[in-house]
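Peer 1: Here's a sequence, model it:
(one chain, ligands or ions: 1)
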Amino acid sequence: MTSPTAVRGRPQPGDPLDPDAAISIRGLVKRYGDFTAVDGLDLDIHRGEIFALLGPNGAGKTTTVEICEGYRGRDGGEVRVLGADPADGTRRWKAQLGIVLQSGGGDSQLSVRELVRAQASYYPRPRDPDEVLELVGLTEKAGVRAKALSGGQRRRLDVALGIVGGPTLLFLDEPTTGFDPEARRQFWSLIRSLRDLGTTMLLTTHYLDEAEALADRVGVIARGRLAEVAVPSALGGRETAPAVVTWTEGGTRRTEATATPTAFVRGLAERFPGEVPDLVVARPTLEDVYLRMIGEGERAGTAATAGGEVTR
Ligand SMILES: Nc1ncnc2c1ncn2[C@@H]1O[C@H](COP(=O)(O)OP(=O)(O)OP(=O)(O)O)[C@@H](O)[C@H]1O
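Peer 2: Numbers count the residues shown, from 1 in each chain. From the prediction side, this is the model:
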């Protein structure tokens with residue numbers, strides 16, 4: 001289900017920061033040497049929503065997210081996260097954030113339970129570590145050393161470490177990479193239950209089905225700019241795009257794009273005594289519109305390479 005916040009639009013350049021938003025970004029710029037990785041980004045993420053940031057490798061997703069987390073500085077623009085500028089976020093502010101990094105911890109001699117308990121001890125109001133292990137499906141592995149976990153189990157541990165502090169705002173950077181299909185489904189229901197508890201989430205992912213299944217809104221970022229922000233079903237005009245009807249007639253594959261597929265198929269059905277051969281009715285998938293968008297982004301830009309190396 002889509003939250004009420006999901007229908008709000010996106011800010012325009014020059015708009016004031018939104019004081020009610022969980023994250024409010026205006027004109028964000030980040031350069032690495034001569035290379036501009038984030039190039040004037042305006043975005044509001046509303047409290048309680050799940051927002052998915054999509055974009056090809058190197059688009060600027062992690063850079064944007066890490067600026068919001070306070071891990072990277074910026075070269076221009078304004079950012080407020082839970083009311084504070086991340087560049088001077090206090091410990092108390094940081095305690096409200098949960099972070100699931102792309103390559104998290106877990107390479108430890110400590111057991112899973114010990115790691116989650118240790119993490120919990122940094123927060124003023126942590127969740128119960130054993131409940132968190134239950135939530136991420138690691139109860140049976142609680143006594144196992146983290147280094148003995150499989151790749152997918154390690155990601156679950158990363159999620160456990162990210163949520164044990166009871167965050168108001170959770171950042172998830174490609175959280176289900178390496179998960180098997182069942183683990184992904186379990187993770188999705190975990191994310192939905194966190195949303196039901198009121199947690200705001202900013203998620204980056206390369207899995208379009210994940211964005212579609214979880215996100216109230218998605219933002220497509222290409223070459224450091226936001227190409228579009230929309231609810232998943234409306235991205236790239238999907239809702240109003242013509243349906244494409246395909247069938248076989250006289251031994252030939254036929255295709256018709258139509259705004260009224262029901263009427264068209266009814267007409268088609270009258271032409272055939274039984275089933276319409278090989279009938280398919282399709283609208284553009286999220287993947288179709290996404291690939292078109294990032295393709296347009298690539299064509300609009302010129303070839304650029306990253307400049308100076310900056311380490312976190
Ligand atoms: N520390 C750094 N020093 C120099 N260039 C960097 C640094 N970090 C990122 N970049 C460059 O900035 C651009 C954006 O990188 P970023 O990691 O934000 O992309 P991303 O969208 O998260 O990509 P991915 O999907 O691969 O994780 C890339 O071209 C990258 O090479």
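
Peer 1: The stretch 1-150 of the chain: strands as residue ranges?
Peer 2: Assigned by DSSP state E, counting those that start in this stretch, the stretch 1-150 of the chain shows strands spanning 23-32, 35-45, 50-54, 76-81, 97-100.

Peer 1: just the angle between the first one and strand 35-45, please?
Peer 2: In other words, strand 23-32. For strand 23-32 against strand 35-45, the angle by axes from the mean of the first three to the mean of the last three Cα atoms, to 10 degrees is 180 degrees.

Peer 1: how about strand 23-32 against the ligand, any contact?
Peer 2: Yes - residues of strand 23-32 contacting the ligand under Cβ under 6 Å from any ligand atom: residue 32. Where C-beta positions appear, they are placed from N, C-alpha and C, glycine not excepted.

Peer 1: Strand partners (parallel or antiparallel) of that strand?
Peer 2: strand 35-45 (antiparallel), strand 76-81 (antiparallel) (DSSP bridges).

Peer 1: What residues of it count as buried?
Peer 2: For strand 23-32, the neighbour count (16 or more other Cβ atoms under 10 Å) marks 23, 24, 25, 26, 27, 28, 30, 31 as buried.

Peer 1: Closest to residue 93 out of those?
Peer 2: Set against residue 93, the nearest of these by Cβ to Cβ is residue 23 (12.8 Å).

Peer 1: picking up where we left off before, for the strands of the stretch 1-150 of the chain, could you give me CSV that also reports mean pLDDT?
Peer 2: As requested, the strands of the stretch 1-150 of the chain are exported to CSV (pLDDT from 0 to 100):
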stretch, mean pLDDT
strand 23-32, 96
strand 35-45, 96
strand 50-54, 95
strand 76-81, 96
strand 97-100, 92
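
Peer 1: Point out the most buried one among these.
Peer 2: strand 50-54 (a mean of 26; mean count of other Cβ atoms under 10 Å).

Peer 1: residues making contact with that one?
Peer 2: Defining contact as Cβ atoms under 8 Å, 6 or more residues apart in numbering, one finds that strand 50-54 is touched by 45, 61, 64-65, 191, 195, 200-206, 208, 210-211, 214-221, 232, 290.
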